[in-house]
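> After the sequence you'll find the predicted model.
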Amino acid sequence: MITAIIAEDEDLPRKELRRMLNDLWPELQIIAECEHGADALDAIYTHQPDIAFLDIRMPGMSGLDVANAVKGRCHAVFTTAYDNHALDAFAAGAIDYLLKPVAQARLAEAIARLKARLASKQAAPDLSQLMSELDKRIRGNAAERIRWISASVGDTIKMFPIEKILFFSSDEKYTRVVCEHDEAHVRKPLKELMEGLDPDIFWQIHRGTVVRADAIARAQRDDMGRYLVELHGSPEKLKVSQAYAWRFKPM
């Protein structure tokens with residue numbers, strides 16, 4: 001039995017891809033559908049699928065991040081809305097991609113290649129170098145980065161330059177913005193804020209927490225093997241979910 005997961009943060013494309021896979025490859029068992037990269041990473045470690053269909057750009061942990069984290073545990077097929085200029089990076093790789101909206105003929109080609117790799121027991125490749133190159137190309141198409149966060153506190157508007165922010169955390173309907181000597185809440189959800197943050201500067205360490213990487217002082221493991229992050233300039237200790245523990249593995 002061949003198994004797969006689908007990771008796509010939008011409902012309609014995810015459902016459509018599943019429908020097309022059911023039509024073209026009815027023997028394939030979809031064992032998990034994920035809306036976030038962190039969920040996809042958990043699903044890969046938990047279910048050990050043969051194939052992962054990963055959206056390249058999901059909020060927080062992208063499909064590229066997931067592929068880097070799993071290091072060849074399964075075959076990856078990327079879905080993307082980016083144009084062929086960015087996708088030239090795939091040309092030399094033992095990997096496949098699907099341009100959205102996904103065409104049935106193109107999916108059929110990808111399925112044929114996957115079947116051939118699985119039949120020959122070809123190992124899933126380590127995609128680290130390819131993912132790094134692709135990430136650089138796509139990042140040139142990224143939306144304009146956030147430079148300031150403005151928060152309303154009573155009759156006052158507080159202005160936080162992005163380089164002063166230590167971390168963001170979800171707080172019910174709001175996002176908490178924390179600097180060394182001040183903090184506030186903004187109405188914009190963390191998921192939307194992350195689209196304007198540079199992923200090399202701000203790291204997601206939990207579904208509801210994003211930290212400035214250079215503010216991290218240390219990551220300590222507790223008795224259960226879970227990481228807690230300590231920051232320069234803040235007394236708080238922030239939990240790291242299992243999906244993001246790979247960021248703190250010793251070199």
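Yep, it's here. All figures in this text were calculated on a predicted structure; none of them were measured in a lab.
> Could you report the neighbour count for Ile56?
Neighbour count for Ile56, taken as other Cβ atoms under 10 Å: 22. C-beta coordinates here come from the backbone N, C-alpha and C atoms, glycine included.
> All the strands of the stretch 151-251 of the chain, residue numbers only.
In the stretch 151-251 of the chain, the strands defined using DSSP state E, counting those that start in this stretch lie at 156-161, 165-171, 174-179, 183-186, 202-206, 209-212, 216-221, 227-231, 234-239.
> could these go into CSV alongside mean pLDDT, mean neighbour count and distance to Pro59?
Shown next, in CSV, are those (pLDDT from 0 to 100; neighbours: other Cβ atoms under 10 Å; distance: least, Cβ to Cβ, whole Å):
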stretch, mean pLDDT, mean neighbour count, distance to Pro59
strand 156-161, 91, 12, 21
strand 165-171, 94, 20, 12
strand 174-179, 95, 20, 13
strand 183-186, 94, 18, 16
strand 202-206, 91, 24, 9
strand 209-212, 96, 23, 10
strand 216-221, 92, 14, 21
strand 227-231, 95, 19, 20
strand 234-239, 94, 14, 19
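> Any chance of a markdown table for the ones you listed, columns distance to Ile51?
Output for the strands of the stretch 151-251 of the chain, formatted as a markdown table (distance: least, Cβ to Cβ, whole Å):
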| stretch | distance to Ile51 |
| --- | --- |
| strand 156-161 | 42 |
| strand 165-171 | 31 |
| strand 174-179 | 35 |
| strand 183-186 | 39 |
| strand 202-206 | 25 |
| strand 209-212 | 29 |
| strand 216-221 | 32 |
| strand 227-231 | 29 |
| strand 234-239 | 31 |
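> Pull the contacting residues for Phe202.
Counting by Cβ atoms under 8 Å, 6 or more residues apart in numbering, Phe202 makes contact with 168, 194, 210-213.
> Thanks again, I'm all set now.
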